[in-house]
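Q: Sequence and computational prediction follow.
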Amino acid sequence: MSSPSSEPQYSFATEEEINSFGKHLYKSKRILALCGAGLSAASGIPTFRGSGALWRGHKAAHLSSIEAFEANPGLVWKYMMDGRHLALQAKPNAGHEALAKLAKKKKKGFVCLTQNIDGLSERAKHPRDRLYSLHGSLLDIKCSNCSCDYYDKENLKDPLTPDLTGDDNLASFSSTATSEPTTSLTSQLFSMTIQESKKPVIPTSKLPHCPKCSSVLRPAVVWFGESLSQTMFDEINAWLDAEKRLDLMMVIGTMAEVYPAARFVQLAKDKGARIAVVNLDGGHLGGIQLRKQDWLFEGDAAEILPVLFEGTLEN
Ligand SMILES: [Zn+2]
């Protein structure tokens with residue numbers, strides 16, 4: 001116990017706040033988490049700002065669309081491979097690991113939603129039946145033929161094929177605007193503005209093809225204009241509807257501004273949950289209105305989550 005005159009142990013909250021959260025987490029039986037780009041920041045996955053982001057000089061909004069993929073699958077694959085390479089070079093951090101441990105501890109009482117497509121939560125061994133990747137994963141590969149069910153989960157090959165290499169590419173991605181909120185890699189992939197190249201980067205014959213139906217394979221991420229998986233939402237909603245109450249919702253490294261994230265925060269409040277926000281920038285909480293009973297922990301999720309979960313994971 002620290003005396004009132006001693007330095008606070010952590011910069012992100014007072015001991016009292018950490019303790020009150022810890023007690024609530026320990027006794028919580030129904031917990032929902034929503035994670036975004038801030039969770040992966042300490043792993044070196046950049047959080048992009050603004051809608052003017054570039055890839056290799058392309059103003060490339062439609063690179064993350066089915067239209068672009070149909071017009072030029074080689075270019076889109078090359079773009080996706082850079083993101084995949086970046087994700088595979090990165091390592092899960094203490095925040096991903098703390099969430100994975102909490103999932104094993106709380107079992108069916110904890111559901112974690114992530115907006116990240118970097119696959120780091122999966123690689124931290126977060127139980128897959130307790131984790132919903134809302135925007136898909138760059139590690140998963142599926143068939144571009146929507147009537148074919150071929151799906152290759154957590155493919156860690158890099159390069160994926162001899163022709164499909166990704167580059168050390170932080171320099172390939174850049175952002176232009178600074179006034180807009182930080183977005184995830186997914187949103188950044190979604191939000192590029194296009195200057196489409198008609199020249200294929202890799203010929204279609206050299207792209208991976210489906211072993212079942214021979215169509216071109218594609219990354220299993222949700223592209224602009226595509227819907228999020230209804231099956232996934234049905235499962236999340238079934239878990240939420242199974243009990244009247246929700247005890248706690250953690251919003252980690254995201255401002256929860258976009259659908260469906262914003263909806264979950266409101267739903268959690270309606271079900272009586274206390275809200276805990278962990279965010280690098282406590283001044284930018286988007287649409288989240290914190291109340292007296294909620295918590296704001298401002299800083300790096302990789303530093304904060306292990307401290308917040310410590311008591312629950314040890315007992
Ligand atoms: Zn197929």
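A: Cool, the structure landed.

Q: All the helices of the protein, residue numbers only.
A: 15-27, 37-40, 66-71, 73-89, 94-106, 120-123, 185-191, 230-241, 261-270, 301-314 (DSSP state H).

Q: Single out the most deeply packed of the ones you listed.
A: Mean neighbour count (mean count of other CB atoms under 10 Å) peaks for helix 37-40 among the helices of the chain, with a mean of 28. The way it works is simple: take the backbone N, C-alpha and C, and place the C-beta from them, glycine included.

Q: Now do the contacts for residue 294.
A: Contact analysis of residue 294 by CB atoms under 8 Å, 6 or more residues apart in numbering lists 274-277.

Q: Repeat the analysis, applying 10 Å as the threshold.
A: Applying CB atoms under 10 Å, 6 or more residues apart in numbering, we find residue 294 in contact with 21, 248-249, 251, 269, 273-277, 288.

Q: got the residues of the chain near the ion?
A: Taking CB under 5 Å from the ion as the criterion, the chain approaches the ion at residues 143, 145, 148, 150, 210, 212-213, 215.

Q: who wins for most neighbours among these?
A: Using other CB atoms under 10 Å as the neighbour criterion, residue 143 leads the residues of the chain next to the ion with 22 neighbours.

Q: And that one, how close does it get to residue 212?
A: Distance, residue 143 to residue 212, by CB to CB, to the nearest Å: 7 Å.

Q: what is in contact with those two at once?
A: Common neighbours of residue 143 and residue 212 (criterion: CB under 10 Å, 6+ apart): 149-150.

Q: that older thread, in strands, which of the contacts of residue 294 fall?
A: 248-249, 251, 274-277 (DSSP state E).

Q: Burial check on residue 42, number of neighbours?
A: A total of 20 residues lie near residue 42 under the criterion other CB under 10 Å.

Q: Spit out the contact partners of the residue nearest to it when sequence neighbours are not counted.
A: Once flanking residues are discounted, residue 42 sits nearest to residue 302: 3.6 Å by CB to CB, 6 or more residues apart in numbering. By CB under 10 Å, 6+ apart, residue 302 lies in contact with 38-43, 92-98, 253.

Q: Ok, residue 87 next?
A: Counting by CB under 10 Å, 6+ apart, residue 87 touches 40, 43-45, 116-120, 123, 137-139, 158, 166, 185.

Q: Hmm, residue 79 is touching residue 55, no?
A: Yes. Look at residue 79 against residue 55 with CB atoms under 10 Å: they come within range, at 5.7 Å.

Q: Just give me how far the longest strand belonging to the chain sits from the chain centre.
A: Using DSSP E to define each element, the chain has its longest strand at strand 136-143. The chain centre lies 14 Å from the centre of strand 136-143; the measure is CA atoms, centre = their mean, to the nearest Å.

Q: same deal with stretch 22-39?
A: Its chain's average C-alpha position is 15 Å from that of stretch 22-39, according to CA atoms, centre = their mean.

Q: What mean pLDDT does it get?
A: Mean per-residue pLDDT for stretch 22-39: 97.

Q: cool, and stretch 266-280?
A: The average pLDDT for stretch 266-280 rounds to 95.

Q: and what of stretch 100-119?
A: Here stretch 100-119 scores 96 as its mean pLDDT.

Q: Could you do stretch 252-262 as well?
A: 81.

Q: same check, this time on stretch 151-160
A: Taken as a whole, stretch 151-160 has an average pLDDT of 92.

Q: and what of stretch 300-309?
A: For stretch 300-309, mean pLDDT is 97.

Q: Could you give the separation of that stretch from the chain centroid?
A: Centroid displacement of stretch 300-309 relative to its chain, using CA atoms, centre = their mean, is 17 Å.
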